[in-house]
Structure formats: C-alpha cells, structure tokens
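**Q** Can you look at this prediction? I've put the sequence above it.
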Amino acid sequence: MDKDEIRDDLVSSAQRWARTSIDAYLQEPADQDFAVHHMAVAVEHLAKACLASITLTLLADIKPSLEDLLLLGGREDKVEKGRAGLRTVSGAGVVMRLTKLGKGEVPQQLAALREARNGVTHMGWGKSSNECRELLASGVKYIDSLLPELAKEPDWFWDKYYQTCKSLVEETTSELTVRYSAKIQRAQETFASKTDGLSDSERTAVIASLAAAPLPSRWLLHVPTTCPACGNPAFISGRDKSGDYGDIWFFPRYFGCRVCDLTLTGPELDLADMRAHSLRTEEEVDDHWEPDFDLM
C-alpha cells in the first residue's frame, strides 16, 4: 500500500464524517446520535492519517495478524482480501501513539466522545444537547490540533462549517447563537444557489416572484420585513393585541423567507431583532409606551 495514498484517503474520509457530523447537529431537531458518532469516526480517521504520514506500520493493531503485517509492510499482493481485511489500531490506541510522538493536543472530553460513539452504536444517545455540544467541541479541538501535522488548515478542512466549529469551541457562545448563525449561513448559501448564473433581470424577477407571499404558518397575521440572511423582502407572522388608547400591537411568532428558505421562531426572532411593535403610525402614539407583556 502507498503511504501517501492511505494518508490522503483517511484525510478525505475524516473530512466527510466531520462535515456530516456538524450537519446532523444543526438539523432541527438536532440528530445528536449521528453528530456524536460521526465526529468520533472523523477523529479516529484523521488521527490514523497522521500515523500513516509517518509510517504505515504505526497503524498496526496491538496484536496484528500475519496478513496485517504483510499489508502494512507493502506486500498487499500476498494478501487475498487486500485492504478490506486489514485490522488497525483502536481509536484509543491511535490517540495514545500520537501523544507519545508529541503530536496533537488531547482535550479533556475526547475519551468521552469515543465512549459516546460506542454507546450510540449499541444503545443510542439520549443525552442532553449541552453534553452533545461539549463532545463535538472536543472532536473539533483535537482535529484542529492535528491538521498542521498534515499541512492542512482548519478553514480548508471544515469549509462552510468553519465558523460554526469556531463557535462550538468558544464557551461564551450560547447554543442558540451557534444555531442561529448556522441558519443564517445556510440561508445565504441557498440564496446564492437559487440565483447563481442568472442575469440581473432574471434575478430580480425570481426574487419578486418568491417574495410575493409569506411562507405558510399557523399565524394568520403577516407583516412585511427584510430577511436578515439574504436582504430580500419577507414576512413575519404572528398575532395582534389591542393596547391602551386604541393602539394595536403585533407580536411576532414566526419568520419565513421564500427567497432563501430561512425560518426563525422563538428566541431566534429576538436575535434577528424581530420584536413586538405597534402597528399604528399616527404621531399621537407614545413611542415609549409598551403593553404589559405579562398579560400576553
């Protein structure tokens, strides 16, 4: 087997598993089983890529078979099954070997991530979202610490998930903010894909057609606004309530943009600065008056 080929295959595999992990985490609701399992696989494959970049023999299982030794020694022609039958070092073993070689920085939760993967495989996940985030963050940190050993950069490895991964490891960034930022980024990518290759006139026509009506929701009152992701016309849906002095207040409950497919609910609306406001524009309305929200 060619050392460089094996290394590159493992890097590519780790990249696919890692991106799929983040994608599963950002789903609504989050697919925590897939997220944790796939991140642990990504960590193991990238760690093995680091070992392979030194020498393939470092990939050997603690008790290698004759076939394993022949394969890793470059005599694949002597093994009937080829790479398909190769047994390699365990996830824990590969981290231990890299640590002894002075490569990578092992986060505190990395072992827990590996144990969680085994739990997911056999019994499912069923843990809190905060714990899921901590485990994913440990995987991101370890992967980022190994990438320089492979002459790779984190922004290349994570691609469109780079900013999300940075937010994951920043303890000051709330779970809500991480998901909101990821939704905005996804919507921007969706808008770019919908309008890619269109002329200015075609682009204008497509936006006008899509933005003409609100996305369906249980709320029947729709107020026009601007999408925080693509900057095009969209609608907030919600309810109204009479206030004092004949004033009418609008309380947003749902935002939807047909142009970029962004949807927001609950606290996400606050992050987008979509708050309750008066529907009246007469000058006599006191701008500083607000209804008693406890009664809503």
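**A** Ah, there it is.
**Q** Identify the residues contacting Val178.
**A** 133, 164, 167-168 (Cβ atoms under 8 Å, 6 or more residues apart in numbering). Backbone N, C-alpha and C define where each C-beta goes, glycine included.
**Q** rerun at 10 Å
**A** 25-26, 133, 163-168, 170 (Cβ atoms under 10 Å, 6 or more residues apart in numbering).
**Q** Same question for Arg133.
**A** Neighbours of Arg133 in contact, by Cβ under 10 Å, 6+ apart: 25, 30, 32, 35, 167-169, 171, 173, 175, 178.
**Q** Among the residues you listed, which lie within helices?
**A** Counting by DSSP state H, these place 25, 32, 35, 167-169, 175, 178 in helices.
**Q** Which single one of those is nearest to Glu5?
**A** Nearest to Glu5 out of the ones in helices among the contacts of Arg133 is Ala35 (Cβ to Cβ; 29.4 Å).
**Q** Next one, pLDDT for the closest one please.
**A** Looking at Ala35, its pLDDT stands at 92.
**Q** quick one: low-confidence parts of the protein?
**A** 1, 65, 68, 70-74, 76-85, 122-130, 172, 243-246, 281-296 (pLDDT under 70).
**Q** redo that, cut-off 80
**A** 1-3, 28-29, 59-87, 121-130, 171-173, 243-247, 280-296 (pLDDT under 80).
**Q** so where do the helices sit in it?
**A** 3-25, 32-54, 66-72, 91-100, 110-123, 129-146, 154-158, 162-169, 175-195, 200-210, 267-271.
**Q** The fourth one: which residues count as buried?
**A** Going back to what we said before, that points to helix 91-100. By neighbour count on 16 or more other Cβ atoms under 10 Å, the buried set for helix 91-100 is 91, 93-95, 97-98.
**Q** that older thread, out of the contacts of Val178, which end up buried?
**A** Using 16+ other Cβ under 10 Å, the buried members of the contacts of Val178 are 25-26, 133, 164-168.
**Q** Glu268 and Ala276, how far apart?
**A** 15 Å (Cβ to Cβ, to the nearest Å).
**Q** Give me the more crowded residue out of these two.
**A** Shown here are Glu268 and Ala276; by other Cβ atoms under 10 Å, Glu268 has more neighbours (20 against 17).
**Q** My guess is that one contacts Ser174. True?
**A** No. When contacts are counted by Cβ atoms under 10 Å, Glu268 is not listed as touching Ser174 (11.7 Å).
**Q** Would you reformat the buried residues of helix 91-100 as JSON lines and include distance to Lys3?
**A** Shown next, in JSON lines, are these (distance: Cβ to Cβ, whole Å):
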{"residue": "Gly91", "distance to Lys3": "21"}
{"residue": "Gly93", "distance to Lys3": "19"}
{"residue": "Val94", "distance to Lys3": "16"}
{"residue": "Val95", "distance to Lys3": "20"}
{"residue": "Arg97", "distance to Lys3": "16"}
{"residue": "Leu98", "distance to Lys3": "16"}
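**Q** Which of those residues lies at the shortest distance from Thr225?
**A** Gly91 (48.1 Å).
**Q** Not counting its neighbours along the chain, what's nearest the closest one?
**A** Among residues not flanking Gly91 along the chain, Glu44 sits closest, at 4.3 Å (Cβ to Cβ, 6 or more residues apart in numbering).
**Q** next one: Asp155
**A** Tyr162 (4.7 Å).
**Q** And for Ile143?
**A** Leu46 (5.5 Å).
**Q** and the gap between that neighbour and Ser53?
**A** With Cβ to Cβ as the criterion, Leu46 and Ser53 are 11 Å apart.
**Q** Show me which of these two is the more surrounded one.
**A** Neighbours were counted for Leu46 and for Ser53 using other Cβ under 10 Å; Leu46 has more, 28 against 20.
**Q** OK, contacts around that one?
**A** Leu46 touches 10-11, 13-15, 17-18, 94, 104, 139, 142-144, 146-147, 149-150, 152, 157, counting by Cβ under 10 Å, 6+ apart.
**Q** Please determine how far Glu44 is located from Val94.
**A** 6 Å.
**Q** any common contacting residues for the two?
**A** Common neighbours of Glu44 and Val94 (Cβ under 10 Å, 6+ apart) are Thr88.
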